[in-house]
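A.B. asks: Sequence below, structure please.
(one chain, ligands or ions: 1)
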Amino acid sequence: MTLFNFSAGPAALPRPVRERLAEALKADAQGTPSVAEISHRGPRFAAIAEELIARLRSLTGVGETQEVLLLHGGANLQFAWLPMNLAAGGTAAYVLTGHWGEKALAEAERAGRPEVVASSKDGGYVDLPALGPLPADCAYLHYTGNETIHGVQYMTPPEVNVPLAADLSSEFLSRPYPYSEIDFAYAGAQKNLGIAGLTVVLVRRDLFERIPDGLPKYLDYRTWASSDSMYNTPCTLAWYVALEVLRWIEQMGGLAVLGERNSARAGCLYAAIDKSDFWSNPVARRCRSVMNVPFFPADERLTMPAVAAAEAAGLMGLKGHRALGGLRASLYNALDDDAVENLIDFLGEFERTRA
Ligand SMILES: Cc1ncc(COP(=O)(O)O)c(C=O)c1O
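C.D. replies: Numbering: from 1, shown residues only. As a prediction, the model looks like this:
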């Protein structure tokens with residue numbers, strides 16, 4: 001039976017990347033060190049790092065005014081690191097469209113005085129909120145490009161006249177995006193860029209002027225910019241996998257091709273859910289996530305039986321996040337089209353036999 005992996009992250013790798021990774025780690029008779037066993041300061045890894053950064057730059061289209069930083073700590077560390085560096089003691093605006101925006105806000109509250117300028121929490125995070133007035137001296141406006149749990153996505157970034165800071169964790173590299181217009185963007189690699197451990201930050205270099213002196217060196221973005229993101233030992237294997245994923249994206253035809261494919265297949269899944277009298281998705285159509293589709297059975301008690309039946313049919317990773325319940329299908333770049341077709345068939349079958 002073919003298995004399909006709908007995990008929200010760590011998520012499926014493209015099959016050719018998995019094969020390359022297996023090959024890269026295979027022991028040979030001579031004991032040649034693998035990519036995970038060499039110094040990050042040596043020429044072999046330097047070539048990987050150089051190509052990785054060059055490919056990230058060309059795929060995102062960010063120019064020389066932006067730094068590409070390869071960090072540790074996931075998006076969660078950026079929730080704290082960003083306000084410590086760019087809004088220390090001052091104000092920043094936060095937009096809440098789901099769980100992750102709330103977590104980002106909670107960390108910002110420890111570093112400065114963030115203000116929530118828009119929130120769709122009262123409605124249950126099923127739509128994008130209208131932006132209220134921004135505070136004076138607002139360092140940036142933070143938004144979550146795609147709320148991975150609630151399945152709410154900004155199709156285009158919010159329009160404001162202050163710097164934009166975007167958590168793009170679960171939509172990074174899933175479609176063409178105006179990365180060069182985002183002043184600060186960050187994403188963990190474990191959805192569309194490979195394996196957990198690596199966090200990408202794209203940041204406008206002139207924002208560094210706002211960084212207060214006296215921060216721990218590790219938590220000052222300038223430390224990483226001036227050390228080619230090698231202030232300490234990088235997660236070398238995650239960098240290697242990211243490079244292989246970027247090569248694969250190019251072979252697939254680039255972000256425009258992936259973006260069209262992703263939106264077409266999410267559209268098919270939403271259409272099947274909307275047509276059903278049993279399955280539902282509560283999110284407003286204008287902001288339904290192309291990457292993460294939460295959905296619910298009419299009878300909540302059938303959630304776990306549906307997850308189990310899906311697994312028995314080879315559809316893995318569909319259990320919804322504990323914060324929201326229900327089921328969730330994550331449709332990242334690496335997922336095969338067949339996976340979505342199989343899921344739609346399964347949903348119809350489950351409705352016929354169990355509803
Ligand atoms: C939108 C979003 N932000 C933040 C996170 C947290 O990421 P990490 O585990 O890399 O800290 C996630 C994880 O799923 C996410 O989807």
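A.B. asks: Spatially nearest residue to the residue of the chain found nearest the ligand (excluding sequence neighbours)?
C.D. replies: Per Cβ to the nearest ligand atom, residue 74 is where the chain lies closest to the ligand, at 2.6 Å. Backbone N, C-alpha and C define where each C-beta goes, glycine included. Excluding the flanking residues, the one nearest residue 74 by Cβ to Cβ, 6 or more residues apart in numbering is residue 188, at 4.8 Å.
A.B. asks: Ok, residue 60 next?
C.D. replies: residue 179 is the one closest to residue 60 (Cβ to Cβ, 6+ apart), at 3.9 Å.
A.B. asks: Please apply the same query to residue 112.
C.D. replies: In this structure, residue 112 finds its nearest non-sequential neighbour in residue 87, 4.5 Å apart by Cβ to Cβ, 6+ apart.
A.B. asks: what's that neighbour in contact with, if anything?
C.D. replies: Residues near residue 87 by Cβ atoms under 8 Å, 6 or more residues apart in numbering: 108, 111-112, 114, 139-140.
A.B. asks: distance of it from residue 321?
C.D. replies: For residue 87, the distance to residue 321 (Cβ to Cβ, to the nearest Å) stands at 28 Å.
A.B. asks: swap in residue 125?
C.D. replies: 12 Å.
A.B. asks: which one of these two has more residues nearby?
C.D. replies: Between residue 125 and residue 321, counted using other Cβ atoms under 10 Å, residue 125 has the larger neighbour count: 24 against 15.
A.B. asks: tell me the mean pLDDT over stretch 345-355?
C.D. replies: Averaged over stretch 345-355, pLDDT sits at 95.
A.B. asks: Ok, stretch 119-129 next?
C.D. replies: Throughout stretch 119-129, pLDDT has a mean value of 98.
A.B. asks: I figured the residue nearest to residue 74 hits residue 167, correct?
C.D. replies: No: under the criterion of Cβ atoms under 8 Å, residue 188 makes no contact with residue 167, lying 9.5 Å away.
A.B. asks: Can you work out which residues contact both of those two?
C.D. replies: residue 75.
A.B. asks: and the stretch 151-300 of the chain, which residues reach the ligand?
C.D. replies: 167, 169-170, 188 (Cβ under 6 Å from any ligand atom).
A.B. asks: what do you get if the cut-off is 8 Å, keeping everything else the same?
C.D. replies: 167-170, 188, 190-191, 196, 199, 292 (Cβ under 8 Å from any ligand atom).
A.B. asks: Now render these as a markdown table, adding pLDDT, neighbour count and secondary structure.
C.D. replies: A markdown table is the format used below for those (pLDDT from 0 to 100; neighbours: other Cβ atoms under 10 Å; DSSP: H, G, I helix; E, B strand; the rest coil):
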| residue | pLDDT | neighbour count | secondary structure |
| --- | --- | --- | --- |
| 167 | 99 | 27 | strand |
| 168 | 98 | 26 | coil |
| 169 | 98 | 29 | coil |
| 170 | 98 | 29 | coil |
| 188 | 98 | 29 | strand |
| 190 | 98 | 25 | coil |
| 191 | 98 | 29 | coil |
| 196 | 98 | 16 | coil |
| 199 | 98 | 25 | strand |
| 292 | 98 | 28 | strand |
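A.B. asks: Show me which pair in those is furthest apart.
C.D. replies: 199 and 292 (18.9 Å; Cβ to Cβ).
A.B. asks: picking that back up, between residue 125 and residue 321, which contacts overlap?
C.D. replies: Counting by Cβ under 8 Å, 6+ apart, the contacts common to residue 125 and residue 321 are residue 99.
A.B. asks: How are the strands of this protein distributed by residue range?
C.D. replies: Counting by DSSP state E, the chain has these strands, from start to end: 4-5, 66-71, 91-96, 113-119, 138-144, 146-147, 152-153, 164-167, 184-188, 199-204, 279-280, 292-297, 315-316, 327-330.
A.B. asks: Show me how far the longest helix seen in the chain is from its chain's centre.
C.D. replies: Scanning the chain for the helix with the most residues, using DSSP state H, yields helix 255-275. Between the centre of helix 255-275 and the centre of its chain there are 18 Å (Cα atoms, centre = their mean, to the nearest Å).
A.B. asks: Same check on stretch 87-104?
C.D. replies: 17 Å.
A.B. asks: Check stretch 327-334 too.
C.D. replies: 12 Å.
A.B. asks: Would you mind listing the residues in contact with residue 78?
C.D. replies: Per Cβ under 8 Å, 6+ apart, neighbours of residue 78: 71, 167, 186, 199, 201.
A.B. asks: Sounds good, over and out.
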